[in-house]
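*Asks:* let's see this in three dimensions:
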Amino acid sequence: MRSSRTDWLVLGGFCGFLFFFGLAYFGLVGADEPRYAQVAREMLAGHDWITPTLGGKPWLEKPPLYYWQAMLAYSIFGVSDWAARLPSAVDATLLVTAIYLFLKRFRPGFELDGALIAAAAAGVVGFARAASTDMPLTAMFSIALLAWYAWYESGTHRYLAAFYFFLAMGTLAKGPVAPLLAVLIVVIFAVAKNDSRLIWRTLWFPGVLLFCVVALPWHVAVQIKNPDFFRVFILQHNFARFGTNLYHHREPFWYYLPVALLGLIPWTVFVAASLVETIRVWWTERREMLASEDALNVFLVIWLAVPVVFFSLSQSKLPGYIVPALPAGTLLLAEYVRRRVTDGERPGTFLIVLHSLVAASTMVPALLIQYIVLQRRFPWGKAAAISFTFAAVLAIGMAVTLRTQLGLRMLRFVTLVPVVLAVAAILRLGAPALDSTFSSRPLAGEISRLENRPLPLAVMRVSRETEYGLAFCRNQVVDRYELGQVPAGEHLLVAPEGSQTAIAKAVAGRRVSYLGSFAPQGLDYYWVSAVGMGQMAH
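*Replies:* Model (predicted):
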């Protein structure tokens, strides 16, 4: 009991720091974070739990799970950047908790190692701190697969019911990709075992009914309220997104290999070692392996590979697509550690040194993040020398510790040291630069301080990131000059530096006053009079 209580305290502390601490240190970044956050705000304001809206118009790109979670967070804590990110942090914590409970029940002795390895993977930490649909999908999908394997090993139908429930939640998180990937993983595993009955046993009628009860009502309701839903969501944002480059996210076929390796940092080296070892044993001792508890390793390899291969075939690629594969890699490592420690085996010197170098190297960009963000280049010089020296000392300390008698028993502990230091450095040193360079929050603050009263806002030739960021920060529809959305009344305008000539042409016959500049993002902001109030002013 004392050990279990200590485990929960350790998990709570690490999840609290890695996922929750400093969520408000910099504003929402990119196009997706402020857009999703604003959709949830509009749904809450309109008391509408069915139709996602953006700018007062239906926004049918994604299902509602993230929006519902953000609406709940807004209701409790108010609308803010950190409240918008709270759902992903909570879902990541739920994922880590599920991994701990699964290992404690089915692979006892190393449950804390497995949970902390999953929590500290770079891709998990990054998307746990983002206002997006990727972590909700990853958590629900991963818990569903853990529940399925728990059923497979125990035969207990409550686990199969949990599989269908969380698969339905995954469908509400990001659509049909959740059941599609789950079907592929289960079918491939059944084929590997040469057990077709496993597929039919999985098709459990009460579970299928539970899936439909959870997943279908929202889909039916939103289709009734929005007849375009099927075309926009299924045909456009699922089939067309997968089969074409409609949304301009084309990347090479091999794109997800480096993305997966980066997402598994700092565990990449040992995950690769465990992957190679599992495939080698599977190849040479297939029947024995699949008939033993090591079948879990085969299942994890399939789970890791299927999302990577599937999305590699897609014509539209974004890093977040394969986050659901990362928990499989971390679990594969946890199993590797458990087997090696149980058998008394120690890792080779080469693996230890390489792992230490990869894990400690994260400190270099973390310590230099302010220079990298502001200067847009790697700052070779004294600061870099100090960072490399610190990382080298850390790597040596890690390698020496892992070469002791305790070996892999210390892997989790020594590797978490650079993870915690890197996250702390990014939040402490990099947050101001990230906020001023990539978030619209400081720009919106500067503009608001110049207003005597709230005015409509328009943009011209700026990125979608700026447009959506300003829309969230100011909670208003932002017009775009290029689309002919030039407000007839008095309004504010944000445009790139040196845009006076283009602005004069766009609002000919109206008075325009330069208000100021936001240098970190190369933007100027102006006051534009109502129609018929005069000429250009500087």
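
*Asks:* what segments of the stretch 251-400 of the chain are strands?
*Replies:* For the stretch 251-400 of the chain, no strands are identified by DSSP state E, counting those that start in this stretch.

*Asks:* how about the helices in the stretch 1-150 of the chain?
*Replies:* Along the stretch 1-150 of the chain, counting by DSSP state H, counting those that start in this stretch, helices occupy 2-15, 32-45, 65-77, 81-106, 111-120, 122-128, 134-154.

*Asks:* now the fifth one: buried residues?
*Replies:* Applying a neighbour-count criterion of 16 or more other Cβ atoms under 10 Å, one finds E111, L112, D113, G114, A115, L116, I117, A118, A119, A120 buried in helix 111-120. All C-beta atoms are positioned from the backbone trio N, CA, C, and that covers glycine.

*Asks:* related to what we said a few turns ago, redo the helices of the stretch 1-150 of the chain as CSV? Include mean pLDDT and distance to S356.
*Replies:* CSV is the format used below for the helices of the stretch 1-150 of the chain (pLDDT from 0 to 100; distance: least, Cβ to Cβ, whole Å):
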stretch, mean pLDDT, distance to S356
helix 2-15, 88, 20
helix 32-45, 96, 34
helix 65-77, 97, 37
helix 81-106, 97, 24
helix 111-120, 95, 15
helix 122-128, 96, 16
helix 134-154, 97, 28
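
*Asks:* want to throw the ones you listed into CSV with distance to F388?
*Replies:* Output for those, formatted as CSV (distance: least, Cβ to Cβ, whole Å):
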stretch, distance to F388
helix 2-15, 27
helix 32-45, 32
helix 65-77, 39
helix 81-106, 31
helix 111-120, 22
helix 122-128, 20
helix 134-154, 32
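
*Asks:* among these, which is nearest R338?
*Replies:* When these are compared by Cβ to Cβ, helix 111-120 sits nearest R338, at 7.7 Å.

*Asks:* so how far is that closest one off the chain centroid?
*Replies:* 18 Å (Cα atoms, centre = their mean, to the nearest Å).

*Asks:* try stretch 447-455
*Replies:* 34 Å.

*Asks:* go on, stretch 130-143?
*Replies:* 7 Å.

*Asks:* and for stretch 224-242?
*Replies:* 23 Å.

*Asks:* tell me the buried residues in stretch 507-525?
*Replies:* Of the residues in stretch 507-525, those buried (16+ other Cβ under 10 Å) are V507, R510, R511, V512, L515, F518, P520, Q521, L523, D524, Y525.

*Asks:* would you confirm that L44 contacts A73?
*Replies:* No: between L44 and A73 there is no contact under Cβ atoms under 8 Å: 9.8 Å.

*Asks:* before we move on, the earlier item: nearest to A221, of the buried residues of helix 111-120?
*Replies:* A118 (34.7 Å).

*Asks:* shouldn't that closest one be in contact with V124?
*Replies:* Yes: here A118 reaches V124: they are 6.2 Å apart, a contact under Cβ under 8 Å.

*Asks:* any shared contact partners between those two?
*Replies:* Residues touching both A118 and V124 by Cβ atoms under 8 Å, 6 or more residues apart in numbering: L95, L326, P327, T330.

*Asks:* so the third one versus A383, what's the distance?
*Replies:* Yep, that's P327 we're talking about. Going from P327 to A383 by Cβ to Cβ, to the nearest Å gives 35 Å.

*Asks:* these two - which one has more neighbours?
*Replies:* Neighbour tally, P327 and A383, criterion other Cβ atoms under 10 Å: the higher count belongs to P327, 29 against 13.

*Asks:* what about the residue found closest to the more buried one once you drop the neighbours it is linked to in the chain, neighbour count?
*Replies:* Nearest residue to P327, sequence neighbours excluded (Cβ to Cβ, 6 or more residues apart in numbering): S142, at 4.5 Å. Neighbour count for S142, taken as other Cβ under 10 Å: 27.

*Asks:* tell me the contacts of P176?
*Replies:* I234, N238.

*Asks:* so which of the helices of the stretch 1-150 of the chain comes closest to F189?
*Replies:* Smallest distance to F189 across these (Cβ to Cβ): 8.4 Å, for helix 134-154.

*Asks:* the closest one vs helix 81-106, what angle?
*Replies:* If you take axes from the mean of the first three to the mean of the last three Cα atoms, to 10 degrees, helix 134-154 sits at 10 degrees to helix 81-106.

*Asks:* mind starting the numbering at 58 from now?
*Replies:* Shifting the count to begin at 58 puts that one at helix 191-211.

*Asks:* what about V248, distance to I359?
*Replies:* V248 is 10 Å from I359, by Cβ to Cβ.

*Asks:* worst-scoring helix or strand of this protein, pLDDT-wise?
*Replies:* The weakest-scoring helix or strand in the chain, judged by mean pLDDT, DSSP states H and E, is helix 298-300 (a mean of 66).

*Asks:* which regions of the stretch 308-457 of the chain sit below the pLDDT cut-off?
*Replies:* Along the stretch 308-457 of the chain, no part satisfies pLDDT under 70.

*Asks:* just give me the residue closest to the centre of this structure.
*Replies:* The residue lying closest to the centre of the chain (Cα atoms, centre = their mean) is F184, at 2.5 Å.

*Asks:* in contact with it, which residues?
*Replies:* Taking Cβ under 8 Å, 6+ apart as the test, what F184 contacts is S145, A149, D191, M192, T195, G377, V380.
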